[in-house]
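> can't give you the sequence, but here's the structure:
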């Protein structure tokens, strides 16, 4: 498959998965387990497929969050809840979320078709876990039965597959987590303040990342891309696309286009609910690492 079509297929459904990090259903389910902090719930629920891992593993696999934030959020969480319990809570939250946001689609033939197509791609991805630790953790989880949750789980697998490949591409290009965010900000897709604040980098850390990119020649004095910086960004995007494309080997172009059409409807309903913060509707794994 054309890597660009694979990217479009993934991107269209990203919100269908990603809304779980913002909706009240997730906060309620995690609070019932004794986790009241939103970021603790985020880090714990997303890293739980890897087991009760320490903050250092989350820092490595999530890539672009302030290290202190991760350490504070993960500290003691596995004394409060088991990975299995929070994974069950996350799936319950996803079920409630989808039933609330796209109620008329849950039991539809279109949902069943989208789930079947996305699952076919995700199962191919599961044959290639090498070098993708966060994806590999998710790949070991049991598949849900209901189509709307099959689609959600399939998209979860596909975004973690792509995300791990993207981190590899960023690492090859020598970028740190903060630098990856600064580079994303230079594209103009998402405001710098949204990227910096959502990953909890201090002003000093952000300024230091900008300075390093300027010293290397990726940004000019105004924080805009130089020709070299734009080329580096494009290499990262192209490599990310190439690394993600094998997951879609099971799909024909027609399959992918159909999934795009179906996914666009579901994701638009989620966006129209108005629950997502600034930039979240366009923020993507391949742009920001995690």
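Now that the structure is in, tell me what you want to look at. Note that this is a predicted model, so its numbers are computed, not measured.
> now do the buried residues in the helix ranked longest in the chain.
Longest helix of the chain, by residue count under DSSP state H: helix 147-172. Buried residues in helix 147-172, counted by 16 or more other CB atoms under 10 Å: 147-167, 169-170. (Glycine included, C-beta is placed from N, CA and C.)
> identify the residue spatially nearest to the residue of the chain most remote from its centre, adjacent ones excluded.
Computed with CA atoms, centre = their mean, the residue of the chain farthest from its C-alpha average is residue 221, at 31.1 Å. Spatial nearest neighbour of residue 221, chain neighbours left out: residue 214 (6.9 Å); criterion: CB to CB, 6 or more residues apart in numbering.
> ok, how many other residues are close to the one you found?
Residue 214: 17 surrounding residues under other CB atoms under 10 Å.
> in what helix or strand does it lie?
Assessed by DSSP states H and E, residue 214 sits inside helix 203-216.
> now the next helix or strand after that helix and helix 203-216, what's the angle there?
Next helix or strand after helix 203-216 toward the C-terminus (DSSP H and E): helix 227-244. Here helix 227-244 runs at an angle of 100 degrees relative to helix 203-216 (axes from the mean of the first three to the mean of the last three CA atoms, to 10 degrees).
> off-centre distance for helix 227-244?
18 Å (CA atoms, centre = their mean, to the nearest Å).
> and residue 28, how far is that from residue 196?
Residue 28 sits 28 Å away from residue 196, going by CB to CB, to the nearest Å.
> can you check residue 89 too?
From residue 89 to residue 196 the distance is 29 Å (CB to CB).
> counting neighbours, go ahead and name the busier of these two.
residue 89 (24 against 20).
> picking that back up, for the helix holding residue 214, packing partners?
Counting contacts by 3 or more CB pairs under 8 Å, 6 or more residues apart in numbering; DSSP states H and E, helix 203-216 is packed against helix 177-187, helix 192-198.
> surely residue 120 and residue 249 touch.
No: counting by CB atoms under 8 Å, residue 120 stays clear of residue 249, with 9.6 Å between them.
> neighbour count for the two, which is higher?
residue 120 (17 against 14).
> now do the contacts for the more buried one.
Going by CB atoms under 8 Å, 6 or more residues apart in numbering, residue 120 touches 250, 251, 255.
> and the next element down the chain from the helix or strand where it lies?
Secondary structure from DSSP H and E places residue 120 in helix 109-125. Downstream of helix 109-125, the first helix or strand assigned by DSSP H and E is helix 133-139.
> outside of that next one itself, list whatever touches it.
So helix 133-139 is in contact with 46-51, 57, 60-62, 125-126, 129, 156-157, 160-161, 163-164, going by CB under 8 Å, 6+ apart.
> pLDDT on it, on average?
The average pLDDT for helix 133-139 rounds to 98.
> now do it: distance to the chain's middle.
13 Å.
> does residue 35 count as helix, strand or coil?
Following DSSP: H, G, I helix; E, B strand; the rest coil, the label given to residue 35 is coil.
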